[in-house]
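K.L.:
3D, please:
(chains A and B)
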Amino acid sequence: MKKYISFFKLRFATKIQYRMASVTALTTQLIWGLMECLAYKAIAEASGGSIPMDYAAIVTYIWLKEALLVLFNTWAVDNDLFSMITNGDVAYELCRPVSVYSMWFARTTGARMAEAVMRCVPVLCGAFLMPGEYRMTLPVSGVSFLLFLLTLFLALGITVTFCMLVYMLCFFTISAQGWRMVLTGAVEFLSGNIIPLPFFPGKYLSLLELTPFAYMQNVPFRIYSGDLAGREVCQCIGRQIFWLAALMLLGVIIWKQAEKRIVIQGG
Amino acid sequence: MKVKENMALYIRYASVCTQSIMEYKLSFLLMVFARFMMAFGELAAIKFLFAGITQINGYTYGDILLCFSIVQMSFTFAELFGNGFKGFSGMVRGGEFDRMMLRPRSLILQVIGSRFELGRTGPLLTAVITLVVGIRHSQVAWNLLTVWTAAAMIAGGMFLFIGLFMLEASFCFFSIEDTSLMNVLTYGAKAHGKYPIDVYGKGILRFCTYVIPYTLIQYYPLQILLGKSNHWFWAFCPLGIAVFLLICHSAWRFGVKRYQSCGS
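P.N.:
Numbering: from 1, shown residues only, chains lettered A, B, ... in the order given. You can find the predicted model right below:
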C-alpha cells in the first residue's frame, strides 16, 4: 500500500507545480459558469416555477461543476499513460515489482486531486462573491456537507476506474484515440455535465440510474444543495460503492488479459 | 494566376492530410462519430430543457434550434479550415513554422493547409439534422432575404471563428502562457451561442457587439430571419465580419514581423 501512496504523492507534487497556469483557467471557468447561470436564469423565468430543480440548486451545481471540473472530466485523461502504451515505454512499467493497475490508479487519482485542490479554491472564492442570485450557497447542513465529501470521493473513484477501462482499451486497439473520444463524449453527456440529470425525461433517467454514469458528479453536487436528500442518499451511496467495486474488478480482469497478450514492438 | 496556384496548393495539402488520416480508418470514423455524438448531446440537452417550457425570452424551440444549428455549422467549418491556427503553438515550438518561413509561399496557406482535418466534420451532420428540425418547427417565412440571411450567418460565423483562431495563434508570438482564456471566446461562444445572445442580458449583449462582434452573425441577423424586426439592413450585418477579420489579420502580420524563432 505504501508504494501506491508514494505514486499518488509523486503525481500530486508534480501537478501542484503548475500553480500559475491556473490563473487564466480560473477566469475561463468563472466566465463559463456565469454564462450558464444566466442561461438557466432565462429558462427558470420562462418555466414559471415548474423547473425540475430549484434555481439556487442549479447555480450551486454549476459552480461545483466548474470548481471540481478536473476531478470528473473524463476527456482530460493522463496523456503520459497513452503515449507510454503506444510508444512501448510501458515495458518499464511492467518491470516494476508493483501492480500496474494500482499504480496507474494511484497516479491518476493523485493528479486529479492536485489539480482540483489548486483550482477549486479560487473558483469557489469567485463563486461565493458573485452578485445576488448567481452566488453559490453554503451546504444545507453540516451532515449534508459530510455526505457531500464522502460521495465526492466515491464519485471520483468511479470516474477514475472508468478512465482505467479507457486506458486498458489502448492495449487492444490501435484506434485508441477514437474510442477515447467516443467514450468520454458519452460520459460527459450521461453524467450530467451538459445539463443536470434531473432535467432528463423520466424514462431516460430511470435507465440512466442503472449505469455508473448517474453516480459520478450527479450525486455529490445534488447532495450539497439539498436537491438529493433522505433515503435516496443512502441508496445512492450504496450504488456508488457497488459501481466502484464492479468497475474496479472489471478493470483488473481486463488488465490480467492485457498483461498476458501484451507485445512490445521495439521502442 | 496566383490565386489559382494557391488553391491548387491548398487542395494538395488537404488531400495529403486526408490520405494520412485515412491510414487509420477506424480511428477516423470513430472520431467523426464522437464529434457527431457530442454535438448531438447538446441538441438532446436543448430538447430536454424545452420539455417544461415553450419559449425563452420569446424564442420558441424551433428558433433556438435554428440558432444552435447555425452557430454549430459555422464553428465546424471554421475548425475544418482554420485548424492549423489552433495547433499553432506546437508549430512554433517544434520549429515547423521556421521551416515554413523559408518557403516562397503564403504563410497562412501553409499553416492552415498543413493541419486540414476531415475528422472535424462530425458536428456538421448534427447541425444539418438540427437545421431541418428547426425549419419545420419554426415559422420562418422563406424568401430571398431570409435565405441570404441564414447563409450569411453561417459564412460570417465561420470567418469570425477563423479570425479568433488567428488571433489566438498570434498570441503565440508574444507569450508562452497557455491561451485558455481564448477558449472562452471560441469554444465558449460555440457552447453558449446556441441561445440568442439577448437571453444572457444587456451586459453580455453589449460585450458581444463592441468587443467581439458575435451579434453581427447571431443576434441581429437572427431577428430578420425570425421575422422579429423590420430593420432589413440587419440582414447584412454578417458583412461586418470582414472588418474584424482584417483586424485579426493585422495582429497576425504584426506578430510575424516581430517573430524571432524560439530556437529549437
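K.L.:
identify the residue nearest the closest residue to chain B within chain A in space, chain neighbours excluded?
P.N.:
Distances between chain A and chain B by Cβ to the nearest Cβ are smallest at residue A:178, namely 2.8 Å. C-beta coordinates here come from the backbone N, C-alpha and C atoms, glycine included. Of all residues not flanking residue A:178 in the chain, residue B:30 sits nearest, at 2.8 Å (Cβ to Cβ, 6 or more residues apart in numbering or on different chains).
K.L.:
so where does that neighbour fall, helix or strand?
P.N.:
helix B:25-49 (DSSP states H and E).
K.L.:
what is that helix packed up against?
P.N.:
Where contact means 3 or more Cβ pairs under 8 Å, 6 or more residues apart in numbering or on different chains; DSSP states H and E, helix B:25-49 is packed against helix A:176-190, helix B:61-86, helix B:122-137.
K.L.:
what are the buried residues along that helix?
P.N.:
By 16 or more other Cβ atoms under 10 Å in any protein chain shown, the buried positions in helix B:25-49 come out as B:27-28, B:30-46, B:48-49.
K.L.:
now do stretch A:65-75
P.N.:
By 16+ other Cβ under 10 Å, the buried positions in stretch A:65-75 come out as A:65-74.
K.L.:
ok, that stretch near chain B or not?
P.N.:
No - Stretch A:65-75 does not reach chain B (Cβ under 8 Å from any Cβ of the partner chain); its nearest approach is 9.7 Å.
K.L.:
for that stretch, give me every contacting residue.
P.N.:
Contacts to stretch A:65-75, defined as Cβ atoms under 8 Å, 6 or more residues apart in numbering or on different chains, come from residues A:29-30, A:32-33, A:76, A:112-113, A:115-116, A:119-120, A:123-124, A:127, A:152, A:155-156, A:159, A:162-163, A:166, A:181, A:183-185, A:187-188, A:191, A:193, A:216-217, A:221.
K.L.:
within reach of chain B, which of these are there?
P.N.:
Residues of the contacts of stretch A:65-75 in contact with chain B (Cβ under 8 Å from any Cβ): A:32, A:181, A:185, A:188.
K.L.:
the first one against residue B:185, yeah?
P.N.:
What it means is residue A:32. No - contact criterion Cβ atoms under 8 Å: residue A:32 and residue B:185 do not qualify, at 11.3 Å.
K.L.:
just give me the residue closest to the centre of chain B.
P.N.:
What sits nearest the mean C-alpha location of chain B, by Cα atoms, centre = their mean, is residue B:75, with 2.8 Å.
K.L.:
identify all contacting residues around stretch A:126-145.
P.N.:
A:26, A:30, A:33-34, A:37-38, A:41, A:55-56, A:59-60, A:63-64, A:66-67, A:124, A:148, A:223-226, A:229.
K.L.:
again, 7 Å this time
P.N.:
With Cβ atoms under 7 Å, 6 or more residues apart in numbering or on different chains as the test, stretch A:126-145 has contacts from A:30, A:33-34, A:37, A:55-56, A:59-60, A:63, A:67, A:148, A:223-226.
K.L.:
among these, who's most crowded?
P.N.:
Each of the contacts of stretch A:126-145 was scored for neighbours by other Cβ atoms under 10 Å in any protein chain shown, and residue A:63 scores highest at 30 neighbours.
K.L.:
who are the contact partners of that residue?
P.N.:
Residue A:63 touches A:33, A:127, A:136, counting by Cβ under 7 Å, 6+ apart.
K.L.:
returning to that earlier point: just the contacts of stretch A:126-145: which are in helices?
P.N.:
When DSSP state H is applied, the contacts of stretch A:126-145 are split such that A:30, A:33-34, A:37, A:55-56, A:59-60, A:63, A:67, A:148, A:223-224 fall in helices.
K.L.:
up against chain A, what does chain B have?
P.N.:
Within chain B, the positions adjacent to chain A are B:24, B:26-27, B:30-31, B:33-34, B:37-38, B:41-42, B:45, B:48-49, B:51-53, B:55-57, B:177-178, B:180-181, B:183-184, B:188, B:192, B:195, B:199-201, B:204 by Cβ under 7 Å from any Cβ of the partner chain.
K.L.:
how about low-confidence regions in the chain?
P.N.:
The chain I'm using is chain A. A:16-22, A:76-77, A:265-267 (pLDDT under 70).
K.L.:
switch to chain B, that's the one I care about
P.N.:
B:1, B:175-180, B:262-264.
K.L.:
measure residue A:85 to residue A:3 for me?
P.N.:
From residue A:85 over to residue A:3 the distance is 21 Å, taken as Cβ to Cβ, to the nearest Å.
K.L.:
the more surrounded of the two?
P.N.:
Set residue A:85 next to residue A:3 and count neighbours by other Cβ under 10 Å: residue A:85 wins out with 20 against 14.
K.L.:
quick one, what contacts residue B:239?
P.N.:
Taking Cβ under 7 Å, 6+ apart, one finds nothing in contact with residue B:239.
K.L.:
excluding sequence neighbours, find me the nearest residue to residue B:174.
P.N.:
residue B:255 (6.9 Å).
K.L.:
separation between the residue of chain A closest to chain B and residue A:71?
P.N.:
Taking Cβ to Cβ, one finds residue A:178 at 25 Å from residue A:71.
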